[in-house]
Each structure stands twice: as structure tokens, then as C-alpha cells.
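Sequence first, predicted model second:
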Amino acid sequence: MLAIQAARSGGPEVLEAVALPVPSPAAGEILVRHEAVGLNYIDTYHRSGLYPLKMPAVIGLEAAGTVEAIGDDVTRFQVGDRVAYNGTLGAYSEAAVVPAERAVKVPDGVSLETAAAVLLKGMTAEFLVRRCFHVKHGDLVLVHAAAGGVGQILVQWCKALGATVIATAGGEAKLTLARELGADHVVDYGREDVAARVAEITCGQGAAVVYDGVGRDTWDASFKSLARRGMLVTFGNASGPVPPFAPLELSGKSLFVTRPRLFDYIATTGELDESAEALFAVLSSGAVKIDIGQTFPLAEARAAHEALEGRRTTGATLLIP
Ligand code: NDP
């Protein structure tokens, strides 16, 4: 089968196509034949070495497809089930074995493409708005990179919870997208002073929570945009990792900072299933719509990485085996 591996840490050029045998599921595992693979920013961190992996490695954490074989002791699934998963390395491939406990059934009415586009990004939005910080009606929320994969879902979910959303993005086309998703205010963080705009929009009050997946480039603006006792949720490094800072800096407004990981919020199968249930509920209610902004053949994963890191994507990106 075709798989895409990072030969070593580096730029998109280290991604290479390899032919690997189709793996067999061991006890507790299922073999999933992939219909679509989700591209996520974390794949670029694995490839670049920001999050070190033993190389060479088939990267990718998210895919959806059909169960082709099951190992001993698997009761959660049967051959032929439509499933998706989001935390098992090796998704850049035509098929992969996954622990049955780490996959979920895809409900009827949700396509496998949508499932591959949404499972990781959507569960991230789920824990960010419902558990990491509990977004409530009337909260003022700042969402960075709002036209991106996670960003689009965050904007819509926060709106569904009754928040007022200030969305940032780079360039007019992405700002228009954010507006169409329901953002109340949009700010071009490439051209405008974000903290000044937030102060103006909120009459000096600031945001109750800032969702920041951009990292280094937005850190200062995020900090300055917070209300008293506000929370900065720094959950990604699209522009690079945030430099060290001193806890004393929080004392100005009694702020909170958290640096969460999805996999600590879906660590148990019970948490995984609850997160999936909440996610599929907002999809089926129509409160959150998934935009598959672009698709690439799996063999062109390198071009997909270049587009994602070059800020040329919107919404979710799929790799099609
Ligand atoms: P996106 O689709 O959001 O792509 C990243 C976006 O970040 C770009 O489109 C771009 O939007 C913006 N950006 C700003 N500065 C830069 C820069 N210097 N280089 C590249 N992009 C930049 O990606 P994802 O939806 O996959 O992920 C969003 C973030 O969420 C990532 O940081 C990711 O690591 C994080 N994440 C964290 C998780 C966790 O558990 N902690 C789980 C899932 C995702 P624009 O052009 O508008 O600036």
C-alpha cells in the first residue's frame, strides 16, 4: 500500500512516498481502509521535529474509512463499520491498524470525508469551548486564525453557545469567511493592532477568553486583549512556539494561561465517545458546518504541507488515498 513517511526531520521535502505491506490487526486492534485522511497542523510539527518522532515515520493522526479486519477481543466494531480516529500515528497511508478503543463509529448522514475533516479539529473545538474554558452566553471570545480548520469550528461553536466573537485572520478573503461563519467582529492581524481593536470593540473590557493556535506571533496581542481574570488558551504554534514567560506577568489582571492538548481531554474511551457525541450533535443540528477547503491526493502530501504552512488553506484539508 502507499504511505507517506518523513524520511527525517525537516521541511516538506522530507516527505516521501513508500510502499508498505498492509498491516494485520493484533488483539484489540482494527484495520481501517482509509477513504480520507485529515491534514492537521500537528503533522507539520511531527515532520519538522518541533514535536520529535523517531524517524523515518509515517506521519498523520486522523483518517476515516471502513473496518476491513478486526483483531481478537474486539467487540466495539465489526467488519464493514464506518469509523474515524484521531490520535494514532500512521494515518498518511491507504490503511492502518488502530486500537479499537481509540476509534469511533461515524453516524449515518455524516460522510467519511466529513468525518476525516472534522474528528481531530472538531474534538479540539469541543474541549476548548466546553471543558478547557466553558464558553457561556454573553462571553466575549477572541478566536485567532478564524478561517483555518480549528478556527472555523471554534467561531461557529462559540456563536452557538451565545458568545460574542471577535475573529482574526490574515487578509480580506479570510476575514469575509469568518464574518460568514458568524463572527461579530473581524480583525486583520497582519495589518491591525489586535489589542487596540479588542479594547475598542469591548469598551476597554477585554475578552473573557482568547483561543490562540497561532503562538509566537499573537502571544503579546492575546495577552493584552484579555479582560480581568481572563484566560489565554494557547493551543498551537502555527507561527512558532511561544517563548518562556514569567508567571508574575499574569498578576496585572489576575490572568490564567493554559497550554492544553486534545489527547489529555480524550484520554479515556469514555471521554473520546463523549467528545464525539457532542461533536456529531452540533454537526447534525446544523450549528457547525464543515468546510473542506481543499483536497490533495495522498501522494501529494508535500504540496498539502506547503499550502498549510504557506497560509494558503482555509477550513479543513483532506488527503485522498
Ligand atoms: P489552520 O488551518 O488553522 O492553519 C493555520 C493557520 O494559522 C493559517 O492558515 C494562518 O491563517 C495562521 N497563521 C498565522 N501565522 C502563521 C504562520 N506564521 N505560519 C502559518 N500559519 C499561520 O490549522 P489547524 O486547524 O490544523 O490548526 C490550528 C492550530 O491549532 C495549530 O496551531 C494546531 O497546532 C493547533 N491544534 C492544537 C491542538 C491541541 O490539542 N493543542 C489540536 C488541534 C490543533 P491566516 O492566514 O489567517 O493567518
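Yep, it's here.

Backbone dihedrals for the residue of the chain most remote from its centre, both of them.
When distances to the mean C-alpha position of the chain are computed (CA atoms, centre = their mean), the maximum falls on residue 72, with 31.9 Å. For residue 72, the backbone dihedrals are phi -60, psi 150 (criterion: degrees, to the nearest 10).

got a list of what the closest residue to it other than its chain neighbours touches?
Nearest non-adjacent residue to residue 72, counting by CB to CB, 6 or more residues apart in numbering: residue 27, 4.2 Å away. From N, CA and C alone the C-beta is placed, and that goes for glycine too. Residue 27 sits next to 71, 72, 73, 74 when contact means CB atoms under 8 Å, 6 or more residues apart in numbering.

which element is the third one on?
Counting by DSSP states H and E, residue 73 is held by no secondary-structure element, helix or strand.

how about it, what does it touch?
Per CB under 8 Å, 6+ apart, neighbours of residue 73: 27, 28.

got TSV for the contacts of residue 27, with distance to the ligand and pLDDT too?
Below are these laid out as TSV (distance: CB to the nearest ligand atom, whole Å; pLDDT from 0 to 100):
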residue	distance to the ligand	pLDDT
71	28	98
72	32	98
73	29	97
74	27	98
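
Show me what the helix or strand residue 176 falls within is packed up against.
Assessed by DSSP H and E, residue 176 sits inside helix 172-180. Judged by 3 or more CB pairs under 8 Å, 6 or more residues apart in numbering; DSSP states H and E, helix 172-180 is in contact with helix 149-160, strand 164-169, strand 185-188.

of the ones you listed, which approaches the ligand most closely?
helix 149-160 (2.8 Å; CB to the nearest ligand atom).

ok so, going back, redo the helices and strands packed on helix 172-180 as CSV? Include distance to the ligand and mean pLDDT.
Output for the helices and strands packed on helix 172-180, formatted as CSV (distance: least, CB to the nearest ligand atom, whole Å; pLDDT from 0 to 100):
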stretch, distance to the ligand, mean pLDDT
helix 149-160, 3, 98
strand 164-169, 4, 98
strand 185-188, 9, 98
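
okay if I get those as TSV plus distance to residue 126 and mean neighbour count?
Shown next, in TSV, are these (distance: least, CB to CB, whole Å; neighbours: other CB atoms under 10 Å):
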stretch	distance to residue 126	mean neighbour count
helix 149-160	8	27
strand 164-169	17	27
strand 185-188	24	21
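
In space, what's closest to residue 193 - neighbours in sequence excluded?
residue 221 (7.7 Å).

which other residues reach the helix or strand that neighbour falls within?
Here residue 221, judged by DSSP H and E, is contained in helix 219-224. Applying CB under 8 Å, 6+ apart, the contact partners of helix 219-224 are 142, 144, 189, 193-195, 210, 212, 232, 234, 242-243, 245, 249, 255.

I'd like the distance from it to the chain centre, please.
21 Å (CA atoms, centre = their mean, to the nearest Å).

same deal with stretch 18-26?
27 Å.

If we only consider the contacts of residue 27, which is nearest to residue 164?
residue 74 (45.8 Å; CB to CB).

Let me see the backbone angles for the closest residue in space to the closest one that isn't next to it in sequence.
Residue nearest to residue 74 in three dimensions, not counting chain neighbours: residue 100, with 4.6 Å by CB to CB, 6+ apart. The phi and psi values for residue 100, taken as degrees, to the nearest 10, are phi -60, psi -30.

and residue 100, what does it touch?
28, 29, 30, 70, 71, 74, 75, 76, 77.

Swap in 6 Å and give it another go.
The contact partners of residue 100, by CB atoms under 6 Å, 6 or more residues apart in numbering, come to 28, 30, 74, 76, 77.

How about residue 68?
31, 33.

Spell out the secondary structure type for it.
Look at residue 68: counting by DSSP: H, G, I helix; E, B strand; the rest coil, its state is strand.

how near is it to the ligand?
Remark: distance between residue 68 and the ligand (CB to the nearest ligand atom, to the nearest Å) = 27 Å.

Much appreciated, bye for now.
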